[in-house]
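A.B. asks: Structural data only, the sequence is not supplied:
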């Protein structure tokens, strides 16, 4: 309908529906039609029925032509009727506006007849004249504003034929601008939210660093006391172990800090896995998830900023752990692989991704997680695109239900 624009998740559903219908047409309906044609052809040959192939083709073309002309004639009639209706309404509007103006002029002239000019000063006469003129001017300006708006609307009916013989209409342009505006609005909201989160994490990281330095100094003092007093030795060791555990988590921020990682370098993939183990080991152990890699992965390398690659791996692995835990399968496995082209694959055998979600999982704001923000995969893909890589959903590898692929963008 006019003025109705499909947006957000509804638009994604509609696009998925159109894609599914196209696949049905290509994989099901058209092959069925071709098969029927072959059966008809075989029957003609078997029973020696004399049917002209040219006549059959001509009849098919004629049928399509008649249907096409019928549809276009109906649309032409509808278009012409709309033009006539608009023309009639515009004429009625202009006539009505002119009648309003004439009526207002007549009212002003009637008022003028009852004004006594002999007993009025020149100043009062000027005031009266301005009042009467203002009444006429107000109606005149209202009419011109209305007609200007109508003119702009009529001028907005625009179309143009491109070099491919396709017509571009003003409605298509408006829809495209509306969609772009919606995307930009969503992006602004997401950027503000991410900026706030990033600022909060940065402050926490800075404050933790200051606190850690202070605790290290205190631990050294406590160590000296524990060497003198054996009763403090157990307390010291317990505090030291827990502090080192906390300090280890704090150090995980280092590869994600862009200011510390502005140098491109060759990154061994096993280093990334070690980082992921440090980060997710407790969760994987708790949910009984195996974390494996292939020989290809152990030999693989990536070239770029650690601060660009690490968050992508973190996000994909975090999602994999979540969906593996939701799937309730027995042998939960995340497997890393790399091929000779430099592409890296992250696979798991958890819940499959629905066909209608395969494209939109990278859309900003889309998530099937409970209370999910729908930012991770979108931001990960954008971060990779800035350094010449991309994140995509690949066909599941053997023994897996979901496989993500990190690869270089083809020139």
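C.D. replies: Perfect, I can see it now. Bear in mind the structure is a predicted one, so any value in this text is a computation, not a measurement. Numbering: from 1, shown residues only.

A.B. asks: okay, now the domains of this protein?
C.D. replies: 31-157, 184-251, 264-408 (automatic domain parsing).

A.B. asks: Which helix or strand lies directly C-terminal to the worst-scoring helix or strand of the chain on mean pLDDT?
C.D. replies: Least confident helix or strand of the chain, by mean pLDDT, DSSP states H and E, is helix 233-251 with a mean of 69. Using DSSP states H and E, the helix or strand that follows helix 233-251 in sequence is strand 265-268.

A.B. asks: Neighbouring strands of that next one in the sheet, and parallel or not?
C.D. replies: Its sheet considered, strand 265-268 pairs with strand 301-304 (antiparallel) by DSSP bridges.

A.B. asks: And stretch 288-301, what's buried?
C.D. replies: Neighbour-count burial for stretch 288-301 flags 289, 291, 293-294, 296-297, 300 (criterion: 16 or more other C-beta atoms under 10 Å). Every C-beta, even on glycine, is put in place using the N, C-alpha and C of the backbone.

A.B. asks: How far does that stretch sit from its chain's centre?
C.D. replies: Stretch 288-301 has its C-alpha centroid displaced from the chain centroid by 32 Å (C-alpha atoms, centre = their mean, to the nearest Å).

A.B. asks: Stretch 105-118 too?
C.D. replies: For stretch 105-118 - counting by C-alpha atoms, centre = their mean - the centre lies 66 Å from the chain centre.

A.B. asks: swap in stretch 223-242?
C.D. replies: With C-alpha atoms, centre = their mean, you get 55 Å for stretch 223-242.

A.B. asks: contacting residues around it?
C.D. replies: 219, 222 (C-beta atoms under 8 Å, 6 or more residues apart in numbering).

A.B. asks: For that stretch, buried residues please.
C.D. replies: 226, 232, 236, 239.

A.B. asks: just the residues you listed now: which is nearest residue 33?
C.D. replies: residue 239 (77.3 Å; C-beta to C-beta).

A.B. asks: Tell me which of the domains of the chain is the most buried.
C.D. replies: domain 264-408 (a mean of 17; mean count of other C-beta atoms under 10 Å).

A.B. asks: what's the span of it, first residue to last?
C.D. replies: 15 Å (C-alpha to C-alpha, to the nearest Å).

A.B. asks: Next, give phi and psi for the most centrally placed residue in the chain.
C.D. replies: Centroid check for the chain by C-alpha atoms, centre = their mean gives residue 363 as the closest residue, at 3.7 Å. Phi and psi for residue 363, reported as degrees, to the nearest 10, are phi -80, psi 140.
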